[in-house]
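Enquirer: only the shape, not the letters, is given here:
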C-alpha cells in the first residue's frame, strides 16, 4: 500500500488567497484526521471523519476553514481566505476501527505571505 | 491545563545512556497511550502503545504507565544518535471520540556522540 498520500507537499500563497489541501487515506481505513502542527501549539486536531461523515470539527479554528470527504478515498481541507497565521504543517492521517494506530501522510508545508 | 503535557526539551543524553521522556495527562477517562517519534521534517510514526498500568518493553524501548498519577513515560536504553528526534505522547479517551488521539507538544531528544 502507498500509505496516506497528501498534496501538495509545499504551498506558498499570499494572504487572502484560497488554499486547498488534499488527502487520500489508506484503502480500507474508515477514520480520517486533519492535524495542524506548529512549534508553539504542537500537533492539533482540526477535524476527523468516520465513514466519510464529519464527527468532530471543534478544532477548526474559524469559519475560514472547511473540510470535506466526498468518498472513502478522498478528503480536502480548504482555507478561504488564508492568513499568515495559518502558516503551519498540515497532516492528514488515517486509521481503522479496531486498530488505534494512526498512519500519517507526509504533510503539507503551508506558507501564507 | 493542557490535556497532554510534555517538557519541550531539548533533552540531551550521551550515546549509550538511558533517555527518559515524560508525559502527564489531565483526563482520567483516558484509556490508551501512545508514543510517536518524529524526525525533523518528517511525519510522526508510532513506536509504542500501552494500555494497562506497569511496564511494556519492546527492544530498547520501555513504556511505563501509572494511571493513578496520570503519568506515562518512555525509556530508551543504549541511546543512539539515530534516536535523535521529537517524541510525541498521545492519549485516547475511554469512551467517545472513536479513534481520536490528543497529542502533547513533544520532547526533543538529542543523543550526542
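Expert: Nice, thanks for sending it over. Everything numeric here is computed off the predicted structure, so don't read it as measured data.
Enquirer: all contacts plus neighbour counts: C-alpha atoms, from now on.
Expert: OK.
Enquirer: what's near enough to touch residue B:71?
Expert: B:22-25, B:65 (CA atoms under 8 Å, 6 or more residues apart in numbering or on different chains).
Enquirer: neighbouring strands of the lowest-mean-pLDDT helix or strand in chain A in the sheet, and parallel or not?
Expert: The helix or strand of chain A with the lowest confidence, counting by mean pLDDT, DSSP states H and E, is strand A:99-104 at a mean of 90. Strand partners for strand A:99-104, identified by DSSP bridges, are recorded as strand A:88-96 (antiparallel).
Enquirer: what's next to the strand it pairs with, contact-wise?
Expert: Residues external to strand A:88-96 that are found in contact with it (CA under 8 Å, 6+ apart): A:4, A:6, A:23, A:25-26, A:28-38, A:101-111, B:43, B:99.
Enquirer: where does the residue positioned nearest the centre of chain A land in three-state SS?
Expert: Within chain A, the residue whose C-alpha comes closest to the C-alpha centroid is residue A:34; the distance, by CA atoms, centre = their mean, is 3.3 Å. For residue A:34, the secondary-structure state derived from DSSP: H, G, I helix; E, B strand; the rest coil is strand.
Enquirer: how about the contacts made by it?
Expert: Taking CA under 8 Å, 6+ apart as the contact definition, residue A:34 lies against A:45-48, A:77, A:90-93.
Enquirer: of the residues you listed, buried ones?
Expert: A:45-48, A:77, A:90-93 (16 or more other CA atoms under 10 Å in any protein chain shown).
Enquirer: so after the least confident helix or strand of chain A, what's the next helix or strand?
Expert: With elements assigned by DSSP states H and E, the helix or strand that comes after strand A:99-104 is strand A:108-112.
Enquirer: closest residue of chain A to chain B?
Expert: Nearest to chain B, among the residues of chain A, is residue A:42, at 4.3 Å (CA to the nearest CA).
Enquirer: neighbours of the closest residue to that residue other than its chain neighbours, how many?
Expert: Spatially, and ignoring its direct neighbours in sequence, residue A:42 is nearest to residue B:105 (4.3 Å; CA to CA, 6 or more residues apart in numbering or on different chains). The number of residues packed around residue B:105, counting by other CA atoms under 10 Å in any protein chain shown, is 25.
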